[in-house]
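Sharing a sequence plus its predicted fold:
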Amino acid sequence: MIPAPTNCVAEGCTLGYWKNHTNRWCSTYRPGMLYGSVFASAPSQLKGMSLLDVLNQGGGGIYNLGRQSVAALLNVCSSEVNYNSKYEGHMSVLIADVNYAFTHGTSGSLASTLDNYNNAGCPLGGTPANHNSDTAGGEVNGAQGSLDIYPNPFSQQASAQFTFSKSEHYTLQLLDMSGRVVNRIAEGVAEAGKAYSYRIAGKDLAEGVYMLRLSSEKSTQTKRLVLKK
């Protein structure tokens, strides 16, 4: 008897595929999850961003490694992608390599390597593009629509608005780019279908970039907020 041949061809879906198909992300890593909660040694510029926000970053160096590492993470996590043999089935090895590159100044080299792996050819397809910022398995969990902020950027005061389709406990927090909570804006139980609006004052905050995070029992949404004085 001749055993069936094993598919040894490495595969990898691109950054663009994962950005446009958030419904194909594995349940372990969701678009709204903080990058720093996965890659603990990430620099402060990336640590407080969501995985989807990092995936959408431009630029080289740490930013290139950031977006390449998110795509690699999703490729390894997917049960349908036969990723590069070094990382396939070894998520901890990928995370360790990325953390090492951040702390030892080799971001550019690893980013180039992961870029090649992520462009090896994607076996996924046949589903319409889905751009939702916090989906898993094709369903939006918890929040009805997106967390909205206006104006953004802001100089004195901004408004955060959201509505839940089901009654849920929630927390609304403002984080700096290192992932530190600087303002616990609100917490409570949201009524189904009721619109909630909260003010974010910039008076006691330093100028810069922040992350607004809305967490509930079933979802986490994160939006970037820019304060310019």
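It's in. Everything numeric in this text was worked out from a predicted model, so none of it was measured.

any idea how far the residue nearest the centre of the chain lies from Glu217?
Closest to where the C-alpha atoms of the chain average out (CA atoms, centre = their mean) is Leu51, at 1.6 Å. Leu51 is 20 Å from Glu217, where distance means CB to CB, to the nearest Å. Placement of C-beta: from N, CA and C, glycine included.

got it, and Gly202?
Plainly put, Gly202 is 30 Å away from Glu217 if you go by CB to CB.

same thing with Arg30?
In terms of CB to CB, Arg30 sits 14 Å off from Glu217.

between those two, which one's more packed in?
Ranked by neighbour count (other CB atoms under 10 Å), Arg30 and Glu217 place Arg30 first, with 21 against 11.

Shouldn't that one be within a strand?
No - using DSSP: H, G, I helix; E, B strand; the rest coil, the assignment for Arg30 is coil, not a strand.

That one against Thr222, yeah?
No - between Arg30 and Thr222 there is no contact under CB atoms under 8 Å: 10.2 Å.

for Ser92, helix, strand, or coil?
Taking three-state DSSP, the label given to Ser92 is helix.

Mind checking the pLDDT average for the longest helix along the chain?
Scanning the chain for the helix with the most residues, using DSSP state H, yields helix 62-77. Helix 62-77 shows a mean pLDDT of 96 in the predicted model.

for that helix, packing partners?
helix 15-20, helix 44-47, helix 51-55, helix 91-104, helix 107-118 (3 or more CB pairs under 8 Å, 6 or more residues apart in numbering; DSSP states H and E).

Show me what the last one packs onto, helices and strands only.
In terms of contacts (3+ CB pairs under 8 Å, 6+ apart), helix 107-118 is packed against helix 62-77, helix 91-104.

Output stretch 25-37 as CSV, nothing but the C-alphas.
C-alpha atoms of stretch 25-37 as CSV (Å, rounded to 0.1, in the frame of the first residue of the first chain):
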residue,chain,number,x,y,z
TRP,A,25,-10.6,35.2,12.4
CYS,A,26,-10.3,32.3,14.8
SER,A,27,-12.2,32.6,18.1
THR,A,28,-8.9,32.8,20.1
TYR,A,29,-7.9,36.1,18.6
ARG,A,30,-10.6,38.7,18.1
PRO,A,31,-10.2,42.0,16.2
GLY,A,32,-10.8,44.1,19.4
MET,A,33,-8.2,42.3,21.5
LEU,A,34,-5.3,44.4,22.6
TYR,A,35,-2.1,43.8,20.7
GLY,A,36,-0.1,44.0,24.0
SER,A,37,-2.2,41.2,25.5
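
about what we covered before: off-centre distance for the longest helix of the chain?
With CA atoms, centre = their mean, to the nearest Å as the basis, helix 62-77 stands 10 Å off its chain's centre.
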